[in-house]
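>>> coordinates only, sequence not included:
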């Protein structure tokens, strides 16, 4: 007798599960990680860091190349430039201005003596012509007395502080004197000190305009006479 035939379909039986060595069902094996997760987030972070370093380096280079250097301050020439002043005598320092002055200026010091007196002689040139210059720095007890002394010595016929040529300390050829009418006088006061300058061309050239420029420049030489 021929029994009934049954066709086998895919839904008739369940697929067999894999059994491990211990008789228990084996856990499914994990497959390889997705390609998108390979390497994890570390590579992205490193890449971003390199980009940031490149951006900062480029910015610094741009600032270095395109930043203008600070402006250089203009250097002003020395007020004594062009006259070739050279110290020829002194400074000779004293404190007895009565003994180192004459005329009404001597009488002024009889009432109020100076605190310090410094005198010097300089040689120089103006437009190539040799010039002789006396620089005197007188320090008084206060600014008011310095102003009074300047007013006195600025007035004709009132005497002056004796320069190193007049008292014979510095010897000149032919007996040249700075304190006569051919000499040029100029003074300035700063606080309790007064600077007195006399100048004359060695050839006694009567150029008062040029000598006035010489004496104006020589006033700045008094800084070397300060203690």
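That came through, no problem. Keep in mind that what you see is a predicted model, and the values were worked out from it rather than measured.
>>> any idea which helix or strand comes after the helix or strand where residue 56 lies?
Mapping residue 56 onto the secondary structure by DSSP states H and E places it in helix 42-66. On the C-terminal side of helix 42-66, the closest following helix or strand by DSSP H and E is strand 86-94.
>>> What is the neighbour count of the nearest residue to residue 227 once chain neighbours are set aside?
Closest residue to residue 227 apart from its sequence neighbours, by C-beta to C-beta, 6 or more residues apart in numbering: residue 116 at 7.2 Å. Heads up, the C-betas are built off the backbone N, CA and C, glycines and all. Neighbour count of residue 116, defined by other C-beta atoms under 10 Å: 17.
>>> Now residue 116: phi and psi?
phi -160, psi 140 (degrees, to the nearest 10).
>>> and it, what does it touch?
93-95, 137-139, 227 (C-beta atoms under 8 Å, 6 or more residues apart in numbering).
>>> Now do it against residue 151, distance only.
According to C-beta to C-beta, to the nearest Å, residue 116 and residue 151 sit 20 Å apart.
>>> now residue 182
24 Å.
>>> swap in residue 172?
30 Å.
>>> Check residue 198 too.
18 Å.
>>> which stretches of the chain have low pLDDT?
Within the chain, the ranges that satisfy pLDDT under 70 run 1-49, 51, 61, 63, 65-76.
>>> for it, what spans make up the helices?
For the chain, helices defined by DSSP state H occupy the ranges 42-66, 104-111, 143-153, 208-218.
>>> Distance to residue 192 for the ones you listed - can I get that in JSON lines?
As requested, those are arranged in JSON lines below (distance: least, C-beta to C-beta, whole Å):
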{"stretch": "helix 42-66", "distance to residue 192": "53"}
{"stretch": "helix 104-111", "distance to residue 192": "15"}
{"stretch": "helix 143-153", "distance to residue 192": "5"}
{"stretch": "helix 208-218", "distance to residue 192": "21"}
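>>> nearest to residue 126, of those helices?
helix 208-218 (5.1 Å; C-beta to C-beta).
>>> got the buried residues for the closest one?
210-211, 213-218 (16 or more other C-beta atoms under 10 Å).
>>> Rebuild these as TSV, extending it with distance to residue 85.
Listed next are the buried residues of helix 208-218 as TSV, based on distance: C-beta to C-beta, whole Å:
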residue	distance to residue 85
210	15
211	14
213	13
214	9
215	12
216	13
217	8
218	7
